[in-house]
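Chemist: Predicted structure and sequence below. I'll ask about it afterward.
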Amino acid sequence: MGALIKHPSDPFLTTESGQGMDYEFHWNVVFQNMPELLNGAFVTLHVSVLAMLLGIVIAILLAIAKMNNSKPYCYIATTWVEIARNTPALFQIYMAYFGLGALGIHLSPYVAVLSALVFINAGYLTETFRGGFQSIPNTQYSASKSLGMTSIQVYRYIILPQMLRRIYHPMTNQFVWSILMSSLGILVGMGELSGTTQRLQSLSFRTLEFFMVAAVMYFIITKLVLISSSLLSRKLFKGEI
Amino acid sequence: MISIQNVHKSFGDLEVLKGVSLDVNDGEVVSIIGGSGSGKSTLLYCINAIENIQKGKIIVDGVDVHSKETNKDKLRQKLGMVFQQWNSFPHMTVLENAALAPRIVKKMSKEEAIEIAKKELVHVGLGDKFDVYPTKMSGGQQQRLAIARALAMKPDCMLFDEVTSALDPELVGEVLDTLRLLADEGMTMICVTHEMGFARDVSDRVAYFHEGVIAEIGEAKQVIIDPQNPLTQKFLSKVR
Amino acid sequence: MNSLFTPLSWSDTGFILIGVMNTVTISIVAIVLGTLLGLAVGFLRAESSKVVNVLLGSVLDILRSVPLIIQLILFSTFVGAMGYPLDPFVAGSIILSLYTMAFMSEVFRSGFESVHQSMRTSARSLGMSYWQTIFYIRLPIGLRAVFPSWLGVALSVIKDSALVSVIGYMELLRTSDQLISRTQQPLMILIGVGIFYFIISYPLSSYGRYVERKMAI
């Protein structure tokens, strides 16, 4: 069971046999494997979106628990948030993959990475949501009430729209962070973009070529996410932010 | 002391000053009144070389302000300026605020700078606030600190740009009293202001600005109480 | 059946301590270098023309939009392939510092820009030169304003330093990794590692939030 821990990265250490200045780039093998790389990119996007959605749902619950002051729930939420914020993502992934494995809970690499990302996203987003909610002054509530709105109407038309404006940008950042951090899947042999790149390069030894293409793909993915996020925000908030 | 000769100033296509001439003598207090956008604040910025000019000349103490050869940092040491926003340095105590420029600009020793700063702070009535941080003080106190900060540079002339406009009404009095004190001591002052009572009682002359030119200038009481130009009459009847 | 493996013993503390020290060392190197570089770049971005800004911005953009782990692998493989293999500590320090710089520069840029034009004009009207205004007014005010964000980036560097293990640097997670292979006690060792990071990170992040709250009032 322990033999699970292998550093797939070890080939990168064998630089003593460096090929010297006359390194030749061979791109053909990379392009031949493009479908697999694209598939890896899809898995990256897939796991990040899922980690984000689940993270949001849990974060809403944790934020409510934290603001409610009902002791046991508040403690659980606080512990979750602090562990998620104060330990490395790599540690979370190892915990999910090897740590739970020791308890007899064997997660697949995909599920292990997903649960680590969900755990961290939920932790960070809890604070984002709480901060967004608290940043809206009480006077907004009383002013709306004085106009005769019901509590539900106040939340629906006044509080939540303002809150969404304030948490939108941090949420986008968290999503980009998830995409980048899902690359840690490489360390547990997951089939996302980095893991796929790692597997393909180990077959062909074109390490540089494969990882350069992967870097470009990550760059494009994050740029696309950021651009569509700002387009969406313009539509949602009519350029008011 | 200050000689403003046919000054023109534009921001892009917008001409803000359209030929302004004004001489301010040593020890004289001149108030500038006028509507917003009439160019009165811009003139102060031009005198202090914060803004450049397109045409004309401003001479301070025999020095051409906008000449290329003029050392603008040196020139600004002769001119104290206080703004609408007091801009206290939030990371320093009141005493450090006032002592900073003498120390680093005039290269005084720390002891000297502190001595001057203390004197000027007492001067404006902040003698009990040396070690307080400005963020803990009222707007009026912070504005007086800004005055002391400028005075600590021993300027020959003070420029005041609507120094009471951003203050709560109950704090205006203490700042105006400080300005009055300076005027009584013989400081040369140019005050852009909306306080007509102050302009009438404290200044020697009052200039009314309208659309980038001086529409009327004269002895303070005459301009405020008995304006000759219909534009001035109209303006004063609105602000009263 | 455990004969192949030896359980965790007190003699392993030395080994773990090396990992701890290495994690601390590379984090400090990256935070110090990243802060200095970030300060310079952030200042350049706040002050320079649009063209320079777009150029600088796109380089920083790459550093922020490619996963750190890929940057580490690429850089270390690249210098190796070019015939100049670098020690994992050196290669890791270079990339981690640049990565830190990319985030720090944004922090400092916003700090410089947080000092309003009217504040600068006030300082200039006292006769201060451009550089005096920067040194005595904009830097101290700006640095205070961004301290919580700076601390946030610094903490994430400590956590991200774990990734340098991928190019063979013996930091804390990699040493514990090897201990796990030998002892087959992943849970205990990993929990220990987690507690270590938590002990470093939690007080600092709480302090950062405390300062932030104090500044908001």
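Modeler: Structure's in. What do you need?
Chemist: Is any residue of the one helix or strand A:I60 maps to near chain C?
Modeler: Of the helices and strands defined by DSSP states H and E, A:I60 is found in helix A:34-68. No - under the criterion of Cβ under 8 Å from any Cβ of the partner chain, chain C is not reached by helix A:34-68; the shortest gap measures 9.7 Å. For glycine as for every other residue, the C-beta is placed from the backbone atoms N, C-alpha and C.
Chemist: buried stuff in that helix?
Modeler: Neighbour-count burial for helix A:34-68 flags A:37, A:40-41, A:43-45, A:47-48, A:51-52, A:54-56, A:58-59, A:62-66 (criterion: 16 or more other Cβ atoms under 10 Å in any protein chain shown).
Chemist: what's the answer for stretch B:108-125, then?
Modeler: Of the residues in stretch B:108-125, B:108, B:113-114, B:116-118, B:120-121, B:123-125 count as buried by neighbour count, 16+ other Cβ under 10 Å.
Chemist: Same check on stretch B:154-164?
Modeler: Of all the residues in stretch B:154-164, those buried under the rule 16+ other Cβ under 10 Å are B:155, B:157-164.
Chemist: Tell me which of those fall in strands.
Modeler: Counting by DSSP state E, the buried residues of stretch B:154-164 place B:157-161 in strands.
Chemist: Distance check, the residue nearest the centre of chain C against A:S178.
Modeler: Nearest residue to the geometric centre of chain C (Cα atoms, centre = their mean): C:V157, 3.1 Å. From C:V157 across to A:S178, the span is 19 Å (Cβ to Cβ, to the nearest Å).
Chemist: Not counting its own residues, what contacts the helix or strand bottoming out on mean pLDDT in chain C?
Modeler: Between all helices and strands in chain C, the lowest mean by mean pLDDT, DSSP states H and E belongs to helix C:172-183, at a mean of 86. Helix C:172-183 has contacts (Cβ atoms under 8 Å, 6 or more residues apart in numbering or on different chains) with A:2-3, A:5, A:7, A:88, A:90-91, A:94, A:98, C:5-8, C:12, C:15-16, C:18-20, C:22-23, C:162, C:165, C:168, C:186, C:189-190, C:192-193, C:196-197.
Chemist: re the thing from before, mind putting the buried residues of stretch B:108-125 into a markdown table with secondary structure?
Modeler: Putting those into a markdown table (DSSP: H, G, I helix; E, B strand; the rest coil) gives the following:
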| residue | secondary structure |
| --- | --- |
| B:M108 | coil |
| B:A113 | helix |
| B:I114 | helix |
| B:I116 | helix |
| B:A117 | helix |
| B:K118 | helix |
| B:E120 | helix |
| B:L121 | helix |
| B:H123 | helix |
| B:V124 | coil |
| B:G125 | coil |
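Chemist: closest to B:Q228 among those residues?
Modeler: Nearest to B:Q228 among those is B:V124, at 36.4 Å by Cβ to Cβ.
Chemist: what sits against that closest one?
Modeler: With contacts taken as Cβ under 8 Å, 6+ apart, B:V124 has the following neighbours: B:144-145, B:147-148, B:151, B:178, B:181.
Chemist: Go ahead and list the helix or strand containing the closest residue to A:F237 other than its chain neighbours.
Modeler: Residue nearest to A:F237 in three dimensions, not counting chain neighbours: A:R165, with 5.7 Å by Cβ to Cβ, 6 or more residues apart in numbering or on different chains. Applying DSSP H and E as the criterion places A:R165 in helix A:160-181.
Chemist: so what secondary structure elements neighbour that helix?
Modeler: Using 3 or more Cβ pairs under 8 Å, 6 or more residues apart in numbering or on different chains; DSSP states H and E as the contact criterion, the neighbours of helix A:160-181 among helices and strands are helix A:34-68, helix A:109-134, helix A:207-237.
Chemist: Tell me what angle the first one forms with helix A:207-237.
Modeler: With axes from the mean of the first three to the mean of the last three Cα atoms, to 10 degrees as the basis, helix A:34-68 and helix A:207-237 are set at 50 degrees to each other.
Chemist: follow-up on the earlier one: residues of the helix holding A:R165 that come out buried?
Modeler: Buried-residue list, helix A:160-181, by 16+ other Cβ under 10 Å: A:162-163, A:166-168, A:170-172, A:174-181.
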